[in-house]
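Asker: I need the structure of the sequence given here:
(one chain, ligands or ions: 1)
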Amino acid sequence: MARLALIRHGQSQWNLENRFTGWVDVDLTDRGRAEAKKAGDLLKASGVEFSACFTSVQKRAIRTLWIALDDMDRMWLPVTRAWQLNERHYGGLTGLNKAETAEKHGEEQVKIWRRSYDIPPPPLEKGSEFDLSNDPRYKLYGCKVPATESLKLTLDRVQPYFEKEIAPRLKAGESLMIAAHGNSLRALVKILFNVSDDEIVHVEIPTGNPLLLDLDGGLKPTSAKYLDEERATKLPTL
Ligand SMILES: O=C(O)[C@@H](CO)OP(=O)(O)O
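Answerer: Below is the predicted model:
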């Protein structure tokens, strides 16, 4: 039976500051590092022997994976980095404080930008301090940096990557880890649990808390649990 562990990065500096982050390469806070270590403890205690890991090209996810693998004494596992697993791009909201933006535009509008399935935030202006179009990593990986993304647009890049690189290995019975981000993981949860466009609005993924799935041959979850039960959020029904 294949197992899949989905781990959102630990708390980042901009999670702490309550700022829209998206593709900005913000690092973990001390608490985020502690969450990553706890994720490693819990994965080790689960007894699952993983054969490979996937992560984004953003340091908060990469470092979470490093810390967890170090804790698990599995630093030798193969790791693949893919821009397709990046956080959703927050467009023109990038860098803004979420509470101040809600005061300015209203709670309802901010909720639509943050959690609606297919309404993207306004695009990021070209040449903005958060414009990453010339970042060497995206040139290296041959990625055209988006100007904004809804969850749907995020899923449109997560899904083909998952189906090509990850799903065949799970179908072959491998157990894999994915360390990624709130919204790239919401996209994966939407795919795996077959969540409707309306219901995905209510799915929140906690930081640094591994979600361990048992998958059948068609990659349908037969069991799903957050390993840190005290910090678990509600999962879609199986
Ligand atoms: O700022 C972001 O990039 C994400 C994840 O922290 O925030 P949200 O909760 O709005 O999806």
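Asker: In CSV, please show the C-alpha coordinates belonging to the top helix by length along the chain.
Answerer: As assigned by DSSP state H, the longest helix anywhere in the chain is helix 30-46. C-alpha atoms of helix 30-46 as CSV (Å, rounded to 0.1, in the frame of the first residue of the first chain):
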residue,chain,number,x,y,z
ASP,A,30,12.3,29.7,15.2
ARG,A,31,8.8,28.4,15.8
GLY,A,32,8.7,27.2,12.2
ARG,A,33,11.9,25.3,12.7
ALA,A,34,10.5,23.7,15.9
GLU,A,35,7.4,22.7,14.0
ALA,A,36,9.5,21.1,11.3
LYS,A,37,11.5,19.2,13.9
LYS,A,38,8.3,18.0,15.5
ALA,A,39,7.0,16.9,12.0
GLY,A,40,10.2,14.9,11.7
ASP,A,41,9.6,13.3,15.2
LEU,A,42,6.1,12.4,14.2
LEU,A,43,7.0,10.9,10.8
LYS,A,44,9.8,8.9,12.4
ALA,A,45,7.3,7.6,15.0
SER,A,46,4.9,6.6,12.3
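Asker: list the contacts for residue 124?
Answerer: Residues in contact with residue 124 (Cβ atoms under 8 Å, 6 or more residues apart in numbering) are 89-92, 94, 130-131, 147-148. No exception for glycine: its C-beta is placed from N, CA and C like everyone else's.
Asker: how far away is the residue of the chain found nearest the ligand from residue 13?
Answerer: Nearest residue of the chain to the ligand (Cβ to the nearest ligand atom) works out as residue 21 at 3.5 Å. Plainly put, residue 21 is 9 Å away from residue 13 if you go by Cβ to Cβ, to the nearest Å.
Asker: Please identify which of the two sits among more neighbours.
Answerer: residue 21 (24 against 15; other Cβ atoms under 10 Å).
Asker: Three-state assignment for that one, please.
Answerer: Using DSSP: H, G, I helix; E, B strand; the rest coil, the three-state assignment for residue 21 comes out as coil.
Asker: element containing the closest residue to it other than its chain neighbours?
Answerer: Spatially, and ignoring its direct neighbours in sequence, residue 21 is nearest to residue 14 (4.4 Å; Cβ to Cβ, 6 or more residues apart in numbering). When elements are assigned from DSSP states H and E, residue 14 belongs to helix 13-16.
Asker: contacting residues around the spatially most central residue of the chain?
Answerer: In the chain, the residue lying closest to the centroid (Cα atoms, centre = their mean) is residue 181, at 2.0 Å. By Cβ under 8 Å, 6+ apart, residue 181 lies in contact with 8-9, 56, 58, 60-61, 85-88.
Asker: What score does it have for pLDDT?
Answerer: If you check residue 181, the pLDDT there is 98.
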